[in-house]
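Colleague: let's see this in three dimensions:
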Amino acid sequence: MSFAKSKNDFSKKDMNFFSEFSSSTAQQMSSAFPFFLLATVVILAFTLIVWIVCGIQIMNKQNKINDLKKEMNSAEYQQKLSDKDKTQAEVEDLRNIYYQLSSLDNKVSTKTVADTVTLKAIADSMPNDTILTVYHEVDGVIELQGQTLNRDSALNYLHNLENKGLFSSIEDKIEPIDPIELGYNKNNLMYGQMSYVFRFLCTRTGFVNLTYSSFIDGNTPVPLEQLNSEAKAPGSAYSLTDVKEKTVDGVKYTLTNVKINGTAVTPAVLAEIQQNNEISGKMSSNINIELLYTAKKEGES
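Modeller: The predicted model follows:
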């Protein structure tokens, strides 16, 4: 009897424990439910606000896109595009004209023209029985051609020119000719007389010109820097350094071609110039150097 009673007591205590535990859990859950409900409402509200904001932004961007498309399709915008293309074509034409003018300026600057002193000396040295038929000057060398009645007159003309001190050297060629070869006939006073023709190559005493300029290489080269010109003594050395690369207005350029007196150098000479970072030589005549560059691409060393 005592054992059965104690077992019943134990069962009653166990039931009481579970009853108390269930009651405690229910109370805790009931107290946490409002916080859970509030958090759910906050999350839903935040999600709704974000969705509304994103929707408004998307709608605004779409409206801007639609407005931009409408503007691009308008006649006014198409006219602006046409004007832009026309302006670009005009700029390209102006660049081409500028390059041509720069090239002509380079060529003009490399030409040595005789001054009035030289022309007067050539005219004053000429004997009375002598006529001048050709006067031509290239790179400081003056070519004179003419006719005279006798060889002595041609030699006197040569001697007079040498005494003027305007030329460092004169190469001469004097030859007799038949007047008939010059178009004379029996009615001309000179018919039947032997005459002479002469050709003098006179090298001027003075200086020759070195001109050099930089361009962006392309179908229409664009000047990078202004034209530079220096007067050099004939036979003197010249040197242009730091030619491999240039930086203009923050843009880096690398040398891709070189033209000397209008002729591009060979690939071997170009490679040597790039390696030495220098162009050098001697001034045997007027020299015009064009340095052609290409802009470096991003990432190139």
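Colleague: ranges for the strands of the stretch 1-150 of the chain?
Modeller: Counting by DSSP state E, counting those that start in this stretch, the stretch 1-150 of the chain has strands at residues 130-138, 141-148.
Colleague: any idea which of those strands is most buried?
Modeller: Most buried of the strands of the stretch 1-150 of the chain, by mean neighbour count (mean count of other Cβ atoms under 10 Å): strand 141-148, with a mean of 19. Where you see a C-beta, it was placed from the backbone N, CA and C, and this is true even at glycine.
Colleague: tell me what whichever helix or strand comes after that strand is packed against?
Modeller: Using DSSP states H and E, the helix or strand that follows strand 141-148 towards the C-terminus is helix 151-163. For helix 151-163, the packing partners by 3 or more Cβ pairs under 8 Å, 6 or more residues apart in numbering; DSSP states H and E come out as helix 116-124, strand 130-138, strand 141-148, strand 167-177, strand 195-204.
Colleague: so what secondary structure elements neighbour the first one?
Modeller: Counting contacts by 3+ Cβ pairs under 8 Å, 6+ apart, the secondary-structure elements packed against helix 116-124 are strand 141-148, helix 151-163.
Colleague: mind putting the ones you listed in TSV, mean pLDDT and distance to G218 included?
Modeller: Output for the helices and strands packed on helix 116-124, formatted as TSV (pLDDT from 0 to 100; distance: least, Cβ to Cβ, whole Å):
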stretch	mean pLDDT	distance to G218
strand 141-148	88	35
helix 151-163	90	48
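Colleague: for I287, which of those is the nearest?
Modeller: strand 141-148 (14.5 Å; Cβ to Cβ).
Colleague: given the closest one, what are its sheet partners and their directions?
Modeller: According to DSSP bridges, strand 141-148 forms sheet pairs with strand 130-138 (antiparallel), strand 195-204 (antiparallel).
Colleague: pLDDT below threshold where in the stretch 101-250 of the chain?
Modeller: Low-confidence segments of the stretch 101-250 of the chain, defined by pLDDT under 70: 106-115, 139-140, 178-194.
Colleague: try it again with 50
Modeller: 189-192 (pLDDT under 50).
Colleague: now do the helices in the stretch 1-150 of the chain.
Modeller: 2-72, 75-109, 116-124 (DSSP state H, counting those that start in this stretch).
Colleague: quick check: domain ranges of this protein?
Modeller: What automatic domain parsing lists as the domains of the chain is 95-109+208-295, 116-204.
Colleague: and the end-to-end length of the last one?
Modeller: Domain 116-204 has an end-to-end distance of 14 Å (criterion: Cα to Cα, to the nearest Å).
Colleague: return the distance of it from the chain's centre.
Modeller: On the basis of Cα atoms, centre = their mean, to the nearest Å, domain 116-204 sits 47 Å off its chain's mean C-alpha point.
Colleague: follow-up on the earlier one: adding distance to A123, write the helices and strands packed on helix 116-124 out as JSON lines.
Modeller: As requested, those are exported to JSON lines (distance: least, Cβ to Cβ, whole Å):
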{"stretch": "strand 141-148", "distance to A123": "11"}
{"stretch": "helix 151-163", "distance to A123": "11"}
